[in-house]
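J.: let's see this in three dimensions:
(one chain, ligands or ions: 1)
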Amino acid sequence: MSTIFHLRSALSTTMLRALSRTPAAYFRNGRRFQHSVTAPVVKETGLYGFDHLKTAKGFQRMVDDAIERSNELVNYIAGMPSAPEIVKAMDEISDTVCTVIDSAEFCRHTHPDRDYVTEASKASLRLNEYLHYLNSNPSIYNAIIRAEQNHHLLTEEGLRAACHLRIDLEKGGIHLNPEKLDRVNQLNIDILQLCREFNENIITDPGHVDIFPASRIPKRLHHLTKPICRPSSLAPKTSMGVGLGPNPKERGLRLMTEPNTLCSILQLASDTEVRKLAYIAGNSAPHGNLAVLDKLLSARHELSEVLGYKTYSEFALKGNMASSPEIVLSFLHDMSKMVRPKAEEEFKKILDFKRGRTGQSVEDLKPWDEAYFTRMMKSSAHNLDYSVVASYFSLALCIEGLKVLAESLFGVKFHEIPLCPGESWHPDVLKLSLHHPDEGDLGYLYLDLKSRKGKHPICAHFAIKGGRKISDTDYQIPIVALVCNFSGSNFQSVRLHHSDVETLFHEFGHALHSLLSRTDYQHFSGTRVALDFAETPSNLLEYYAWDYRFLSTFSKHYSTGDPIPENLVKSLLDAKNMFAAIELQRQVFYALVDQTLHTLQPSSFKDSISIVADLKREHTCWKCIEGTYWHARFSHLVSYGAGYYSYLYARCFAATIWQKTLQEDPLSPAAGSALRSKFLQHGGAKDPAIILNDLVGDGVIRNHNGGIIPDISGLGEELKLFN
Ligand SMILES: [Zn+2]
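T.: Numbering: from 1, shown residues only. Next comes the predicted model:
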């Protein structure tokens, strides 16, 4: 729903990873975290510290109160107070409504009690209806225009808030005639439903393939499959059905080709035919989403036309750094060109390796070969055993590492504090306060990092309460949460795969952005920034997962206590870089698919399959397999419509920031202080281009046709894409 308040709120809660990460499925069981801090006096409260949420039904009271308070503020605004008062009251409405919606959204994703989830969903629904009323309320719109006209009375941040609020309202169609506004509202409802349908189909129809006989799948993958059998007379002599034997029934295995299983099969199954069948099944489901996508693209196109834009992309990009589709496409084409030579080189290496292994010099490289052979090449070239790597990254130590990082860079301390009775939603949850010796408590962070039955399989950062200035002496401090799905029998036994360490650091980057921002308005708190700027701190923090100087401050072997060996970290990094160009090329291709589908006029629109196939031929080294349609489960098409390029923007910005400010000394307090005061502290309250220039100086962005493009050379150098 492109509603002013909801949109900004929803963005903060949907900062999911670009690449869907496989939660580690090792070390199962469940025991509570040990809270080590001596307990101060604790009072009984409700979920997340909200008194109303002592029971699930409390969500209803919370919504009632939020609506009542917002209505008071709307009446106040309608009386046309001064410009600063209008903006402040608007921000308080946004804060009031966002706090409930964000809490409800967070609860829906993490609470093990169905009653809470149900009540949270109802709360979201009711507030969404209320938002509809707010977003089409002319008195709010008139007031914000008036505030903008009286800009001399506003601070720089106040004017920016007024301008943003007006643009967001206009993106909801508030300035249109009633007939057009009705159409916009109807289209927004349709779009929301189509997005839900797209995502539900991905879950309910992951595709499957039946493999006979069962022995064709390695034993260690059998836990991902379901036993099946068929009458042996049905078993064909060719393809999968060799080895009939005298049995009346033949045993086989059914693979559901959802992304995690598919990923494991493609990496580990030595049988080419098995990989091929799994690849094709996984990339041809859910079929229903092709029609859903067509309808979604058409609804989005109509929406943007009613609102006066040429394409949906043009509409979606308004307010982003890349202010138009032409700018995004020109950036993506530059990236595509930059990465091509190295990607081709890497492709050739995999091909040669395959030919060497199979002894067939005319063998071609197929998409289902990539994960299998690159995994083999990485471990043989660098002698890497990923389970050994995990021995050095217990979750408890990684959290200690994050504390070291925050203290070294920003002089702030995370303290584990006890949860009050009623505040937690699961015994695994941990609460940290972020404390500065001079400034006091800066915010609170919940960690819900372990997987459990029924928990949403996501890794994400959630805002529960945004920061904002209440008065000259009072600041509402932010409350955020990190959710991951790491496995282990208890807190001490959770050991992270290195990719999980990277994910944790990524999410921690979002958390720092939220916790360290000090904006006047909640509307700009932490991650509430332009979409193509939002992933920058998280991408920057990922560098720490690969830096020996930092890792050596906390990483130790779980049983021997030996520090992590420097050459192990080097091997990890070398393995990561082995196919970095092919990986980047894939991300560029994804972003091009997203941008192209949202930029085409319906008149020039053939079917999405052939558009995606054309882009694949033009921008990757890989062949397109006839009849497959990978994009039917590219969920970012719905959640980040026309915004997927943002991840690449962030990678470029992060690469330059790392190289210019942190690479030399990643734990430098001076660099940390600059990062905080010039970047994180401002949240969305300052123009991202100004923030970037202040922090790194020239050479981080380029102005291009009225928009902003990242300098791509830093990333290119890091990945050794030149020469
Ligand atoms: Zn992120």
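J.: if you count neighbours, what's buried in the strand ranked longest in the chain?
T.: Ordering each strand of the chain by length in residues (DSSP state E) puts strand 440-450 first. For strand 440-450, a neighbour-count test (16 or more other Cβ atoms under 10 Å) marks L442, G443, Y444, L445, Y446, L447, D448, L449, K450 as buried. Placement of C-beta: from N, CA and C, glycine included.
J.: residue contacts, the nearest residue to the fourth one once chain neighbours are set aside?
T.: In other words, L445. Distances taken as Cβ to Cβ, 6 or more residues apart in numbering put L432 closest to L445, at 4.6 Å, once the chain neighbours are dropped. Shown in contact with L432 (Cβ atoms under 8 Å, 6 or more residues apart in numbering): F414, H415, E416, I417, Y444, L445, Y446, L447.
J.: and the helix or strand L432 falls within, C-alpha only, in PDB?
T.: Per DSSP states H and E: L432 is located in strand 430-436. Output in PDB follows, covering the C-alpha atoms of strand 430-436 (Å, rounded to 0.1, in the frame of the first residue of the first chain):
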ATOM      1  CA  LEU A 430      18.100 -11.400  24.600                       C
ATOM      2  CA  LYS A 431      17.900  -7.700  25.300                       C
ATOM      3  CA  LEU A 432      20.800  -5.300  25.100                       C
ATOM      4  CA  SER A 433      21.000  -1.600  25.900                       C
ATOM      5  CA  LEU A 434      23.400   0.600  24.000                       C
ATOM      6  CA  HIS A 435      25.100   3.000  26.400                       C
ATOM      7  CA  HIS A 436      27.400   5.900  25.800                       C
END
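J.: run me through the strand neighbours of that strand, direction for each.
T.: Its sheet considered, strand 430-436 pairs with strand 413-417 (antiparallel), strand 440-450 (antiparallel) by DSSP bridges.
J.: run the chain-centre distance for that strand.
T.: 23 Å (Cα atoms, centre = their mean, to the nearest Å).
J.: model confidence over that strand, on average?
T.: Per-residue pLDDT over strand 430-436 has a mean of 97.
J.: how about stretch 533-544?
T.: 97.
J.: what of stretch 203-219?
T.: 92.
J.: pull out the buried residues from stretch 585-600.
T.: Here stretch 585-600 shows 585-600 as buried, counting by 16+ other Cβ under 10 Å.
J.: stretch 695-703 now?
T.: L695, V696, V700, I701.
J.: I'd like to know which of those is nearest to P565.
T.: Checking the buried residues of stretch 695-703 against P565 by Cβ to Cβ gives V696 as the nearest, at 32.9 Å.
J.: my read is that the closest one contacts T656, right?
T.: Yes. In terms of Cβ atoms under 8 Å, V696 counts as a neighbour of T656; the distance is 5.9 Å.
J.: now do the buried residues in the longest helix anywhere in the chain.
T.: The helix spanning the most residues in the chain, taking DSSP state H as the definition, is helix 325-358. Using 16+ other Cβ under 10 Å as the test for burial, helix 325-358 gives 325-332, 334-336, 338-340, 342-343, 346-347, 349-351, 353-354.
J.: flag the helix or strand of this structure with the lowest per-element mean pLDDT.
T.: Ranking every helix and strand in the chain by mean pLDDT, DSSP states H and E puts helix 4-13 at the bottom, with a mean of 33.
J.: right, and G526 touches R518 too?
T.: No. At 9.8 Å, G526 does not count as touching R518 under the criterion of Cβ under 8 Å.
J.: now do the shared contacts for the two.
T.: Common neighbours of G526 and R518 (Cβ under 8 Å, 6+ apart) are G467, G683.
J.: of the two, which one has the most company?
T.: G526 (31 against 22; other Cβ atoms under 10 Å).
J.: and the more buried one, how far from A481?
T.: For G526, the distance to A481 (Cβ to Cβ, to the nearest Å) stands at 13 Å.
J.: and if you look at P688?
T.: P688 sits 25 Å away from A481, going by Cβ to Cβ.
J.: higher neighbour count, these two?
T.: Between P688 and A481, counting by other Cβ under 10 Å, A481 is the more crowded of the two (27 against 22).
J.: now do the SS call for that one.
T.: strand (DSSP: H, G, I helix; E, B strand; the rest coil).
J.: which residue comes closest to it once chain neighbours are left out?
T.: Y446 (4.0 Å).
J.: now do the contacts for that neighbour.
T.: Y48, V429, L430, K431, L432, I464, I479, V480, A481, L482.
J.: what are the boundaries of the helices in the stretch 601-723 of the chain?
T.: Assigned helices in the stretch 601-723 of the chain, in chain order: 608-619, 636-639, 646-657, 669-678, 688-696, 713-718 (criterion: DSSP state H, counting those that start in this stretch).
J.: so which of these gets nearest T110?
T.: Per Cβ to Cβ, nearest to T110 of those: helix 636-639, 18.3 Å.
J.: does that closest one reach the ion?
T.: No. Counting by Cβ under 5 Å from the ion, the ion has no neighbours in helix 636-639; the shortest distance is 11.8 Å.
J.: buried ones in that helix?
T.: Across helix 636-639, burial judged by 16+ other Cβ under 10 Å covers H636, L637, V638.
J.: what's in contact with it?
T.: In contact with helix 636-639 (Cβ under 8 Å, 6+ apart) are residues 14, 16, 18, 194-195, 198-199, 293, 296, 590, 593-594, 597, 631, 644.
J.: what's the average pLDDT for it?
T.: Mean predicted lDDT for helix 636-639 stands at 93.
J.: now that helix: how far from the chain's centre is it?
T.: 11 Å.
J.: dump it to CSV, keeping only the CA atoms.
T.: Presented in CSV, the C-alpha positions along helix 636-639 are these (Å, rounded to 0.1, in the frame of the first residue of the first chain):
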residue,chain,number,x,y,z
HIS,A,636,11.9,-8.9,-4.6
LEU,A,637,9.9,-8.1,-7.7
VAL,A,638,6.9,-7.6,-5.4
SER,A,639,8.6,-6.2,-2.3
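J.: show me the shaky parts of the chain.
T.: Counting by pLDDT under 70, the ranges of the chain that qualify are 1-42, 233-247.
J.: report how many residues lie close to the closest residue to the ion within the stretch 401-550 of the chain.
T.: Nearest to the ion, among the residues of the stretch 401-550 of the chain, is S538, at 4.2 Å (Cβ to the ion). By other Cβ under 10 Å, the residues close to S538 number 26.
J.: in which helix or strand does it reside?
T.: Using DSSP H and E, S538 falls in helix 536-542.
J.: what about D210, which SS state?
T.: Per three-state DSSP, D210 ends up strand.
J.: then G526?
T.: Assignment for G526 (three-state DSSP): coil.
J.: now do it against H461, distance only.
T.: 9 Å.
J.: likewise for V292?
T.: From V292 to H461 the distance is 28 Å (Cβ to Cβ).
J.: with neighbour numbers in mind, choose between those two.
T.: Ranked by neighbour count (other Cβ under 10 Å), V292 and H461 place H461 first, with 26 against 21.
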